[in-house]
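Visitor: I would like to see how this sequence folds:
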Amino acid sequence: MPLHARAWVQWGATVGRPLSDDPAHFASTAGRSGPEILADMFPTATPAEIERMADEREQVYRAMARQELQLVAGARALLQRAHAAGKQLAVCTAAPPDNIALAFERFGLADWVAVVSSPADGLRGKPHPDIFLAAAQRLALPPETCLVFEDAPLGLEAARRAGMAAVALTTTLDADAFSAFPNRIATVSDFTTLDPALLFD
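Guide: Residues are numbered from 1 along each chain as shown. As a prediction, the model looks like this:
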């Protein structure tokens, strides 16, 4: 999330649209696609203009991510253990395909992740439940058996609408931001503090 916030701020400066770097501001849009966010920011822009601006913004993000993007602490060990235990894993994200490909290549995620679900599949972004429900369907899993890991309120809301339990990650916002969600079963600062029983018991 911090990289995305910085990319928005840097891109906004290049187009004369100063943007706040307050994490809470960006968390309120996290989970929505770039074009969705930009359509709200520029209501008179044409679809072609929105697409162009979205691509420019994502290029700024990818330039940063190639140098700085890191997995959340404990993520690699969790992915390895879950995969070894036969857990089916999906990435459900509003990120465009090029951003997803960058992360998969940088961290070798294809070794563990079976399904990617995103608005590129014609699905609505969070807080709509579409990408979570599509992932569950592709994995042939009932939604109520799935567990979602999310760092933004819109993601927890999308999981709630999908009928899925969720673990909130306080990598950007503090725990209070997630306290109202009835589907939240845990709140952790990173994956090293996650109770393994949530996944493996």
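Visitor: quick one: low-confidence parts of the protein?
Guide: Along the chain, segments meeting pLDDT under 70 span 1, 21-27, 201.
Visitor: pull the longest helix from it.
Guide: Of all the segments of type helix in the chain, defined by DSSP state H, the longest one is helix 47-68.
Visitor: how much space between P142 and A7?
Guide: Here P142 is placed at a distance of 36 Å from A7 (CB to CB, to the nearest Å). Just so you know, the C-beta spots here come from the backbone N, C-alpha and C atoms, and that holds for glycine as well.
Visitor: have a look at these two and say which one is more surrounded.
Guide: Between P142 and A7, A7 has the larger neighbour count (other CB atoms under 10 Å), namely 21 against 11.
Visitor: for that one, which non-adjacent residue is spatially closest?
Guide: In space, A7 comes closest to Y61 once its chain neighbours are excluded; the distance is 3.8 Å by CB to CB, 6 or more residues apart in numbering.
Visitor: state the distance from that neighbour to A90.
Guide: Relative to A90, Y61 is positioned 22 Å away (CB to CB).
Visitor: settle it for me: which of those two has more neighbours?
Guide: When neighbours are counted by other CB under 10 Å, Y61 comes out ahead of the other of Y61 and A90, with 24 against 20.
Visitor: contacts only, for the more buried one.
Guide: Going by CB atoms under 8 Å, 6 or more residues apart in numbering, Y61 touches 3-4, 7, 99.
Visitor: what do you get for M53?
Guide: 15, 38, 42, 45.
Visitor: got the domain ranges for the protein?
Guide: Following automatic domain parsing, the chain resolves into domains at 2-68, 75-200.
Visitor: deepest of these, which one?
Guide: Among the domains of the chain, domain 75-200 has the highest mean neighbour count (mean count of other CB atoms under 10 Å), at a mean of 17.
Visitor: end to end, how far does it reach?
Guide: Domain 75-200 has an end-to-end distance of 15 Å (CA to CA, to the nearest Å).
Visitor: where's H128, which helix or strand?
Guide: Using DSSP states H and E, H128 sits in no helix or strand.
Visitor: what distance do you get for the nearest residue to it once chain neighbours are set aside to M53?
Guide: Counting by CB to CB, 6+ apart, A158 is the residue found nearest to H128 once chain neighbours are left out, at 6.2 Å. Distance, A158 to M53, using CB to CB: 24 Å.
Visitor: ok, now A135?
Guide: A135 sits 28 Å away from M53, taking CB to CB as the criterion.
Visitor: before we move on, what about L141?
Guide: Distance from L141 to M53, by CB to CB: 37 Å.
Visitor: dump the residue contacts of P119.
Guide: Neighbour list for P119: 33, 36, 94, 125, 131 [criterion: CB under 8 Å, 6+ apart].
Visitor: could you measure from the last one over to G16?
Guide: Distance from I131 to G16, counting by CB to CB: 33 Å.
Visitor: got the contact list for the residue nearest to the spatial centre of the chain?
Guide: Averaging the C-alpha coordinates of the chain gives a centre point, and the residue nearest to it by CA atoms, centre = their mean is T93 (4.4 Å). Shown in contact with T93 (CB under 8 Å, 6+ apart): 100, 116-118, 131.
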